[in-house]
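Asks: quick one, fold the following:
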Amino acid sequence: MQTMGSTHILLTPEESRKADAWAIEHGTNGLTLMEAAGKAVAEVVVDYIGTPLEAGGAILVLCGPGNNGGDGYVAARYLEEWGYPVTVMGAAQLKELKGDAAIMARRWQGETLPFEKSRFKGFSVILDALFGTGLNEAIEGDIAEVISAANDADAFRLAVDIPSGLNGVSGLPTGTCFSADATVTFFTKKPGHVIAPGRFLCGGNDNIHVVDIGISGRCLTDIKPFMFENTPALWGGSYPFPGPETHKYHRGHLLVLGGKEPTLGASRLASMAGLRVGAGLVTLAAPTETYPIQATALTDVMVRRFDSAFGFLGIMADSRINTVLLGPGAGVGEKTAELVHDVAQRDKAVVLDADALTSLVGRLDVFTQDGIDNIVLTPHDGEFSRLFPGLTKEQNRIFAARSAAVSSKCYIVLKGVSTIVASPDGRVSIASNAPAWLSVAGTGDVLSGIIAGLIAQGMPLFEAASAGVWLHGEAAMKAGRGLIASDLISTLPAVLL
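Replies: A predicted model of the protein is given here:
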């Protein structure tokens, strides 16, 4: 079996169909693509279950009425040729099939049985080749009952292309959905493979297999994909590696707005994260009342005192400061909103989190002004719904984040189980490496500091935000269960590129 490796490009189902069409237009027969797809599926099955003697039971292949079903018929044929006992159940009669799927169904020499959920006992493997991405409406009736029976069966479940009943873009079930232990897809992953809950219904990151079926990557020039899995392959080319002659001012100067009690730790976490990720200098601007506490607690970060927005802007006047982080522990209210607006007018990159975001509800119009193109917003779902209430009705988090980025002209980091980074130019990255134990207080402050620290070093904003999210997840994996936010700062060096 030939695999494509960990490609970071994601194609929507529509774009995947364009890739198939491009391959056919450039001389690859559709039957050839289907033959390669079905054979690859069969090879993955064998990789999981071993030899026919080791398999422990028969293989059930559920074939739908379209090309996904055609892939299933090919897989069944190969598995039977290799000595495995195979049973095929078809959602449509042979005379109802069309095109390449009909041809492949005729090449299957075994019997094709009608759907009957009571016959699911005794199978060691159930192969879902029903609909894949070819159906975006809820599956109902007999087929829904068959899928439910398959999910309840004591068998290894593998999906062809994507589990039937799962939306290939949003990663959300449309209704009854096949729950796969592993998935085989072709040429590239789809967004639904990466974003939760889709990636869990596909079997998880390590069990989603991308196989090469003969489609050339040259088709991507015409398709122009805009969605990407967030891995170093996406942003590694712009990652800031210091050279032998690099000094601290080459690595950027980050300014963090310090807050008031009881959240003093938030700005400290953000400051230390920015320093750990490589910023040459980090300054925490602390109000006079908290200055002694912050200056005592921080030894590696410079701490400066200020007493008003004018004083903070005065600190910002230092031309060596190129990035500003506002929000962690800053306090919610009109003063914070006004300070954000004033800072945005300066020629510096700005990362906004926490209290700054809450203070900006209903006030995002300032960022649509000409000349302001360097703002990063890092909301969780609740903050996002307040900032962009017109988009919260969209169940598709990907397109909600993308629409928000385009309309606000800001870079959006929509935090969650699958954190999404969206750029005003329409690009989107989706992270899939964050462990469940990352959901603890203070980790968002660390993330904003990592992103700001990368931007301070000259990394473009979309790439910096994507890299920050990935490093954040990797540091959490390194720290392990029981993580608290400050652990991320300690483990971060071990995952830096």
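
Asks: for the residue positioned nearest the centre of the chain, which non-adjacent residue is closest in space?
Replies: With distances taken as CA atoms, centre = their mean, residue 430 lies nearest the centre of the chain, 2.0 Å away. Using CB to CB, 6 or more residues apart in numbering and skipping residues adjacent in sequence, the residue nearest residue 430 is residue 194, 4.8 Å away. The way it works is simple: take the backbone N, C-alpha and C, and place the C-beta from them, glycine included.

Asks: coming back round to it: contacts only, for the residue nearest to the centre of the chain.
Replies: Neighbouring residues of residue 430 by CB atoms under 8 Å, 6 or more residues apart in numbering: 10, 191, 194, 195, 227, 228, 229, 230, 398, 418, 419, 420.

Asks: and the next helix or strand past the helix or strand of the chain with the lowest mean pLDDT?
Replies: For the chain, counting by mean pLDDT, DSSP states H and E, helix 52-55 ranks last in confidence among helices and strands (a mean of 86). Per DSSP states H and E, the first helix or strand lying C-terminal to helix 52-55 is strand 58-63.

Asks: pull up the pairing partners for that next one, direction included.
Replies: strand 86-90 (parallel), strand 123-129 (parallel) (DSSP bridges).

Asks: where are the low-confidence patches of the stretch 151-300 of the chain?
Replies: Within the stretch 151-300 of the chain, the ranges that satisfy pLDDT under 70 run 245-247.

Asks: list the residues that contact the closest residue to residue 375 other than its chain neighbours.
Replies: Closest residue in space to residue 375, ignoring its immediate chain neighbours: residue 410 at 4.4 Å, by CB to CB, 6+ apart. By CB under 8 Å, 6+ apart, the contact list for residue 410 reads 364, 367, 375, 376, 377, 404, 424.

Asks: 10 Å instead?
Replies: 344, 350, 352, 364, 367-368, 372-377, 387, 404, 422-424, 461 (CB atoms under 10 Å, 6 or more residues apart in numbering).

Asks: and the residue nearest to the centre of the chain, bridged to which residues?
Replies: Bridge pairing for residue 430 - DSSP bridges - gives residue 229, residue 420.

Asks: pLDDT at it, what is it?
Replies: At residue 430, the model reports a pLDDT of 98.

Asks: which parts of the stretch 351-497 of the chain are strands?
Replies: 375-377, 411-414, 420-422, 428-430 (DSSP state E, counting those that start in this stretch).

Asks: test my guess that residue 444 contacts residue 351.
Replies: No: contact status for residue 444 versus residue 351: not in contact, 11.6 Å apart, counting by CB atoms under 10 Å.

Asks: which neighbours do these two share?
Replies: In contact with both residue 444 and residue 351: 270, 327, 328, 378, 413, using CB under 10 Å, 6+ apart.

Asks: for residue 68, which non-adjacent residue is closest in space?
Replies: Counting by CB to CB, 6+ apart, the residue nearest residue 68 is residue 132, at 3.7 Å.

Asks: which ones are touching that neighbour?
Replies: Applying CB under 10 Å, 6+ apart, the residues contacting residue 132 are 13, 16, 64, 66-69, 71-72, 159-164, 166, 168, 178, 183, 185-186, 190.

Asks: ChimeraX command to pick out the buried ones of these?
Replies: The ChimeraX selection below is limited to those of the contacts of residue 132 classed as buried (16 or more other CB atoms under 10 Å):
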select :13,16,64,66,67,68,69,71,72,159,160,161,162,163,164,166,168,178,183,185,186,190
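
Asks: out of the contacts of residue 132, which sit inside strands?
Replies: Judged by DSSP state E, the contacts of residue 132 include 159, 160, 183, 185, 186 as members of strands.

Asks: how about the first one, nearest residue that isn't a chain neighbour?
Replies: Spatially, and ignoring its direct neighbours in sequence, residue 159 is nearest to residue 180 (3.9 Å; CB to CB, 6+ apart).

Asks: identify the residues contacting the one you found.
Replies: The contact partners of residue 180, by CB under 10 Å, 6+ apart, come to 126-128, 150-151, 156-160, 162-164, 166, 200-204, 207-208.

Asks: tell me the spacing between it and residue 101.
Replies: Going from residue 180 to residue 101 by CB to CB, to the nearest Å gives 21 Å.

Asks: closest to residue 320 among the shared contacts of residue 444 and residue 351?
Replies: residue 270 (19.2 Å; CB to CB).

Asks: near the closest one, how many other residues are there?
Replies: Number of residues near residue 270 (other CB atoms under 10 Å) recorded here: 36.

Asks: local confidence estimate at residue 366?
Replies: Checking the pLDDT column for residue 366, the value is 82.

Asks: phi and psi next, for the closest residue to it other than its chain neighbours.
Replies: Leaving aside its chain neighbours, residue 366 sits nearest to residue 341 (5.0 Å; criterion: CB to CB, 6+ apart). Main-chain dihedrals, residue 341, degrees, to the nearest 10: phi -60, psi -40.

Asks: just to revisit the earlier point, now render the shared contacts of residue 444 and residue 351 as a markdown table, adding distance to residue 289.
Replies: Below are these laid out as a markdown table (distance: CB to CB, whole Å):
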| residue | distance to residue 289 |
| --- | --- |
| 270 | 19 |
| 327 | 19 |
| 328 | 17 |
| 378 | 27 |
| 413 | 31 |
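
Asks: filter those residues to the buried ones?
Replies: Here, 16+ other CB under 10 Å leaves 270, 327, 328, 378, 413 buried among the shared contacts of residue 444 and residue 351.

Asks: next SSE downstream of the strand or helix carrying residue 19?
Replies: Using DSSP H and E, residue 19 sits in helix 13-25. For helix 13-25, the following helix or strand on the C-terminal side (DSSP H and E) is helix 30-49.

Asks: what is the mean pLDDT for that next one?
Replies: 97.

Asks: next, the angle from it to helix 13-25.
Replies: 120 degrees (axes from the mean of the first three to the mean of the last three CA atoms, to 10 degrees).

Asks: can you show me the CA trace of helix 30-49 as CSV?
Replies: What follows is helix 30-49 as a C-alpha-only set of coordinates in CSV (Å, rounded to 0.1, in the frame of the first residue of the first chain):
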residue,chain,number,x,y,z
GLY,A,30,-12.1,6.8,-13.7
LEU,A,31,-12.1,3.0,-13.3
THR,A,32,-8.4,3.1,-12.7
LEU,A,33,-8.9,5.6,-9.8
MET,A,34,-11.7,3.4,-8.3
GLU,A,35,-9.6,0.2,-8.7
ALA,A,36,-6.7,1.9,-6.9
ALA,A,37,-9.0,3.2,-4.1
GLY,A,38,-10.6,-0.2,-3.5
LYS,A,39,-7.3,-2.0,-3.5
ALA,A,40,-5.9,0.5,-1.0
VAL,A,41,-8.8,0.0,1.3
ALA,A,42,-8.3,-3.8,1.2
GLU,A,43,-4.6,-3.4,2.0
VAL,A,44,-5.4,-1.2,5.0
VAL,A,45,-7.9,-3.9,6.2
VAL,A,46,-5.2,-6.5,5.9
ASP,A,47,-2.7,-4.3,7.8
TYR,A,48,-5.2,-4.2,10.7
ILE,A,49,-6.4,-7.8,10.8
